[in-house]
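A.B. asks: need a structure here:
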Amino acid sequence: MKYRKLGRTGLEVSAICLGTMTWGSQNTEAEAHEQMDYAVGQGVNFFDTAELYPTTPQGPETYGRTEEIVGSWFAKRGKRDDIVLATKIVGAGRPHIDDGAPVSAAKVRLACERSLKRLQTDYIDLYQVHWPNRGSYHFRQNWTWDPQAHDGEKAKADFLETLEEIGALVKEGKVRHFGLSNESVWGTMQHLRIAEEHGLPRVQSIQNEYSLLHRIFDLDFAEVAAHEDVGLLAYTPLASGQLSGKYRTGEIPSGSRLSIQKDLLGRRHERSAPALEAYLQIADKHGLDPAQMALAFVLSRPFTTAVIIGATQMEQLKTDIAAIGIDLSDEVFADIEDTFKHYPLPL
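C.D. replies: I've put the predicted structure just below:
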């Protein structure tokens, strides 16, 4: 395993982070425990979850179940201090969670306490805001994103309120560090400014989508990561499994994510198909496992702190973790860049 610094925390996290969002829906508790056991055996020390999980599907019946499964593993294995544990407070808009209320000081406090109980732990290493109150351009909303419609001063007030409560939780020992998810460059920089001005917890990471098919992070966010030490925790690095090639024949395996989410949250459509096939052909050409090639590419990016992998089958998990040992050749990188220029924004 390879390890990288998490922001300016002093923590060293595995470059492979174990994602959890299928646990409690597509995966049973026993299967999730098997995944955690295997991942830790391979040197993974970084888990990412959220109060919203599982998401395949998500709803009131399963809300919080993933955190409970992680908590039961800690209770059985006693490895809490060996793991850097990240979780998230849900943003506004989920009626079954706090009636869809936006993030506020009171909600931060309540959500954190619930997560601690479910996770059977006294502290969270990295507590993240899942998405901002004003919404974001993520999940294909970049096509309709209108920052002019948002109140910037209200957003900054929200940031300050959230950071003040996070700061209180840090002082109490319940949270160690703070991170963002599904944020913009402006939002991230405002959090950094407010934290510095008020002596509050600094943003240490940004968990945004990144894959061969979705490379928005390459531009302004890459500069933030370089100069502010806010590294990327890359989610959906296989574009919901598509870059593994498992849907290449047109078959939809029973129980797969595509069988649950018909367009994979906007990641699967006729416009993305040529780009997907082009990347799969690069793997064919160079004799690479397509999933490992896709993960190795994300791991190679200078702004990446960790790649978040998720698997429903143990063989998928083993393949994905093994990507840490893959070094792509200059020829592979050249083919990837050529394909990227042909399909810069296929999702």
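A.B. asks: going by C-alpha atoms from here, please, whenever you check contacts or count neighbours.
C.D. replies: Will do.
A.B. asks: next helix or strand past the helix or strand containing residue 85?
C.D. replies: According to DSSP states H and E, residue 85 maps onto strand 84-89. Sequence-wise, the next helix or strand beyond strand 84-89 is helix 105-119, with elements assigned using DSSP H and E.
A.B. asks: tell me the average confidence for that next one?
C.D. replies: Rounded to a whole number, the mean pLDDT of helix 105-119 is 98.
A.B. asks: which stretches of the stretch 101-250 of the chain form helices?
C.D. replies: For the stretch 101-250 of the chain, helices defined by DSSP state H, counting those that start in this stretch occupy the ranges 105-119, 152-171, 185-198, 220-228.
A.B. asks: any chance of a markdown table for these, columns mean neighbour count and distance to residue 342?
C.D. replies: Below are those laid out as a markdown table (neighbours: other CA atoms under 10 Å; distance: least, CA to CA, whole Å):
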| stretch | mean neighbour count | distance to residue 342 |
| --- | --- | --- |
| helix 105-119 | 19 | 43 |
| helix 152-171 | 18 | 36 |
| helix 185-198 | 16 | 26 |
| helix 220-228 | 16 | 21 |
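A.B. asks: JSON lines please, covering those helices and showing distance to residue 298.
C.D. replies: Conversion of the helices of the stretch 101-250 of the chain to JSON lines gives the following (distance: least, CA to CA, whole Å):
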{"stretch": "helix 105-119", "distance to residue 298": "29"}
{"stretch": "helix 152-171", "distance to residue 298": "29"}
{"stretch": "helix 185-198", "distance to residue 298": "19"}
{"stretch": "helix 220-228", "distance to residue 298": "13"}
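A.B. asks: for the closest residue to residue 304 other than its chain neighbours, grab the count of nearby residues.
C.D. replies: What sits nearest to residue 304 in space, not counting adjacent residues and going by CA to CA, 6 or more residues apart in numbering, is residue 232, at 4.7 Å. When neighbours are counted by other CA atoms under 10 Å, residue 232 registers 29.
A.B. asks: quick check: beta-bridge partners of residue 232?
C.D. replies: Using DSSP bridges, the bridge partners assigned to residue 232 are residue 206, residue 304.
A.B. asks: which ones are touching it?
C.D. replies: When the contact criterion is CA atoms under 8 Å, 6 or more residues apart in numbering, the partners of residue 232 are 205-208, 225, 303-306.
A.B. asks: pLDDT for these - can I get that in a markdown table?
C.D. replies: Listed next are the contacts of residue 232 as a markdown table, based on pLDDT from 0 to 100:
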| residue | pLDDT |
| --- | --- |
| 205 | 98 |
| 206 | 98 |
| 207 | 98 |
| 208 | 98 |
| 225 | 97 |
| 303 | 98 |
| 304 | 98 |
| 305 | 98 |
| 306 | 98 |
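A.B. asks: contacting residues around residue 196?
C.D. replies: By CA under 8 Å, 6+ apart, the residues touching residue 196 are residue 202.
A.B. asks: per-residue confidence for it?
C.D. replies: At residue 196 the predicted local confidence, pLDDT, stands at 98.
A.B. asks: ok, now how distant is it from residue 207?
C.D. replies: Here the distance between residue 196 and residue 207 works out to 21 Å (CA to CA, to the nearest Å).
A.B. asks: show me the shaky parts of the stretch 201-347 of the chain.
C.D. replies: Applying pLDDT under 70 to the stretch 201-347 of the chain flags residues 249, 258-259, 265.
A.B. asks: again, 80 this time
C.D. replies: When residues are selected by pLDDT under 80, those of the stretch 201-347 of the chain lie in 249-266.
A.B. asks: all strands of it, in order?
C.D. replies: Counting by DSSP state E, counting those that start in this stretch, the stretch 201-347 of the chain forms strands over residues 203-209, 231-235, 304-309, given from the N-terminal end onward.
A.B. asks: just the C-alpha atoms of the longest one, please, in PDB.
C.D. replies: Only the C-alpha atoms of strand 203-209 are listed here, as PDB (Å, rounded to 0.1, in the frame of the first residue of the first chain):
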ATOM      1  CA  VAL A 203     -10.600  22.400   5.100                       C
ATOM      2  CA  GLN A 204      -8.300  19.400   4.700                       C
ATOM      3  CA  SER A 205      -9.800  17.600   1.700                       C
ATOM      4  CA  ILE A 206     -12.400  17.900  -1.000                       C
ATOM      5  CA  GLN A 207     -14.400  14.800  -1.900                       C
ATOM      6  CA  ASN A 208     -15.600  15.300  -5.500                       C
ATOM      7  CA  GLU A 209     -16.300  13.100  -8.500                       C
END
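A.B. asks: fine by me, thanks again.
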